[in-house]
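1. Using only what follows, build the 3D model:
(one chain, ligands or ions: 3)
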Amino acid sequence: MDARGRIEELTGEAGFDLVRFADAGTLEGAREAALAAREAGRLADLHWMTDEWIERATEPAAFLAGAKTVVLLAITGHAPDPERPAGRARGRVARYARGRDYHRLFESKLRRLARAIREELGGEARATVDYGPLLERPLAARAGLGWLGKSTMLLAPGFGPWVLLGAIATTLELAPDVPLRKTCGSCTRCIVACPTDAIAPDGGVLDSRLCISYHTIESREAIPRELRAKFGDWIFGCDDCLDSCPVGSANEASHPDLAPPGPDDAFPPLAELLALDEAAFRERFRGRAVQRATRDGFLRNVCVALGNVGTAEDVPALTEALGDGAALVRGHAAWALGEIARRHGGEGAAAGALAARLGVEEEAWVREEIEAALATIEAGPG
Ligand code: B12
Ligand code: SF4
Ligand code: SF4
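-> Numbering: from 1, shown residues only. Ligands and ions are numbered 1, 2, ... in the order given. Prediction:
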């Protein structure tokens, strides 16, 4: 068996759903596109994506000296939603983040594969997943693992956007696969489905400043007030552009470790999340991708979701959150109280809590949020 065949065999044994091979040449078009996105501000505050990171991420030989081939690997994660329990307001976690952290899943598998390439096949090998410096989607498109959809997702035949990617660069010269000749055609479903218009009207370009996924996972700042009502119940990531995609939608296969252990992992009850302190947050989401949001960022997201789907029953938990140690949480709790009171009445309790907090709040930004929430309540339903 040749080296390529052996790698295919090993990746199958490791439980990957797809494997394809790309030559390790510079990704010129993707580099220009990513640098232009950064220049235009479309990468928002992804501080680590500097121009230098982009240059390296589009040059496999900078990732591994002498790289000739990049092996692209994918696992699928499209487990159907578990039944959503009735009762108190619940949030929604993106499918990829409901089970075990896929980064950990990939890391152990990739490490073993890279070792096999070194020890058995005699090539140098270096692996990465997600945050490592390699742009995975354009590489996967070059390898014919899928094509770049209007949502900017890589769509794999039979799986659609429901594939997560990892890569191993190697000095072995392996026969590359060819890019697919597929496109989205006249479909525009993801563009229409995106609640914040984050995808450009013609597709293929995403503005992270508008993307729910960016704000709920990567951003450590306040969520812009004008966007909050569009976030619905998303508290970590967003799948709206994936859910709307017809490609691979009938295939509900999922790597077993990515399937949610229960409805609380897909749709966590919101009010109780507000009680998590740092230690309890780490414990609750041990081994889960949700940790990336940080405790304060995650509770910020929970407040926004409560503002959108919460009821008068959630006013006590939000009132408690008005006294949280993190200004980020206090400010968003204030917004949520204003929204719940506007939608459901119960003005007395929410307005009373906000007024009481205004009396002691020292942080200027939180005071502004409280005043805006009080103004919302005063303006009445609408
Ligand atoms: C930063 C990042 C984000 C950012 C920005 C995403 C974006 N679209 O720019 C945020 C936080 C918003 C994000 C969100 C999500 N992400 Co993300 N993200 C990344 C990361 C770390 C880098 C991507 C990046 O550099 N973006 C900048 C843009 C400019 O580059 P790009 O999209 O990679 O590639 C585009 C350009 O290169 C251009 N291009 C390529 N060749 C050429 C040639 C020419 C001539 C031109 C003009 C353009 C061009 O087209 C490509 C696709 O549009 C990658 C992992 C990695 N290391 O690659 C994961 C990754 C892209 N994310 C992933 C996932 C799963 C998601 C979410 C679905 C998570 C969720 N459920 O909430 C959402 C989906 C949002 C969306 N519609 O893209 C997966 C995607 C898998 C797939 N099937 O595509 C990746 C690959 C992680 C992984 N290891 O699996 N993500
Ligand atoms: S992840 Fe959500 S907010 Fe971001 S582009 Fe897709 S649908 Fe829009
Ligand atoms: S929803 Fe339609 S336009 Fe968007 S990525 Fe899927 S096929 Fe392409």
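2. okay, stretch 158-175 in CSV with CA atoms only?
-> Output in CSV follows, covering the C-alpha atoms of stretch 158-175 (Å, rounded to 0.1, in the frame of the first residue of the first chain):
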residue,chain,number,x,y,z
GLY,A,158,-23.5,14.4,1.4
PHE,A,159,-22.8,16.4,4.5
GLY,A,160,-23.3,20.0,3.6
PRO,A,161,-21.9,22.5,6.1
TRP,A,162,-22.0,20.0,9.0
VAL,A,163,-18.4,19.1,8.9
LEU,A,164,-15.6,20.2,11.3
LEU,A,165,-12.1,20.4,9.9
GLY,A,166,-8.6,19.6,10.9
ALA,A,167,-5.4,19.4,9.0
ILE,A,168,-2.0,17.7,9.0
ALA,A,169,0.8,19.3,6.9
THR,A,170,3.5,16.8,5.9
THR,A,171,6.7,16.8,3.9
LEU,A,172,5.5,13.7,2.1
GLU,A,173,4.7,14.4,-1.5
LEU,A,174,1.3,12.7,-2.0
ALA,A,175,-1.0,12.8,-5.0
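3. May I see the buried residues of that stretch?
-> Judged by neighbour count using 16 or more other CB atoms under 10 Å, the buried positions of stretch 158-175 are 158-172, 174. From N, CA and C alone the C-beta is placed, and that goes for glycine too.
4. what helices or strands is the helix or strand bottoming out on mean pLDDT in the chain leaning on?
-> Within the chain, no helix or strand scores below helix 347-360, which has a mean of 93 by mean pLDDT, DSSP states H and E. Packing partners of helix 347-360 (3 or more CB pairs under 8 Å, 6 or more residues apart in numbering; DSSP states H and E): helix 315-321, helix 327-344, helix 364-379.
5. Most tightly packed of those helices?
-> Most buried of the helices and strands packed on helix 347-360, by mean neighbour count (mean count of other CB atoms under 10 Å): helix 327-344, with a mean of 25.
6. pLDDT of that one, averaged?
-> Averaged across helix 327-344, pLDDT comes to 96.
7. One more: stretch 67-74?
-> On average, the pLDDT along stretch 67-74 is 98.
8. near ligand 1, anything from that stretch?
-> No. Stretch 67-74 lies out of reach of ligand 1 by CB under 6 Å from any ligand atom, never closer than 7.5 Å.
9. Quick check: residues of the stretch 201-350 of the chain near ligand 3?
-> Within the stretch 201-350 of the chain, the residues that sit near ligand 3 (CB under 6 Å from any ligand atom) are 203, 244, 245, 246, 247.
10. Which ChimeraX command selects the buried ones in those residues?
-> Command for ChimeraX that selects the buried part of these, burial taken from 16+ other CB under 10 Å:
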select :203,244,245,247
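11. Serialize the residues of the stretch 201-350 of the chain next to ligand 3 to a markdown table and add fields for pLDDT and secondary structure.
-> Output for these, formatted as a markdown table (pLDDT from 0 to 100; DSSP: H, G, I helix; E, B strand; the rest coil):
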| residue | pLDDT | secondary structure |
| --- | --- | --- |
| 203 | 98 | coil |
| 244 | 98 | coil |
| 245 | 98 | coil |
| 246 | 98 | coil |
| 247 | 98 | coil |
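12. Using a markdown table, lay out the residues of the stretch 201-350 of the chain next to ligand 3 together with distance to residue 322.
-> Output for those, formatted as a markdown table (distance: CB to CB, whole Å):
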| residue | distance to residue 322 |
| --- | --- |
| 203 | 41 |
| 244 | 36 |
| 245 | 40 |
| 246 | 44 |
| 247 | 45 |
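13. so which pair among the residues of the stretch 201-350 of the chain next to ligand 3 is furthest apart in space?
-> 203 and 246 (14.2 Å; CB to CB).
14. Let me know the outermost residue of the protein.
-> residue 1 (38.8 Å; CA atoms, centre = their mean).
15. residues touching that one, list them.
-> Residue 1 makes contact with residue 9 under the criterion CB atoms under 8 Å, 6 or more residues apart in numbering.
16. For the nearest residue to residue 90 once chain neighbours are set aside, give me its contacts.
-> Nearest non-adjacent residue to residue 90, counting by CB to CB, 6 or more residues apart in numbering: residue 267, 4.1 Å away. Applying CB under 8 Å, 6+ apart to residue 267 gives the contacts 81, 82, 84, 85, 90, 91, 92, 93, 233.
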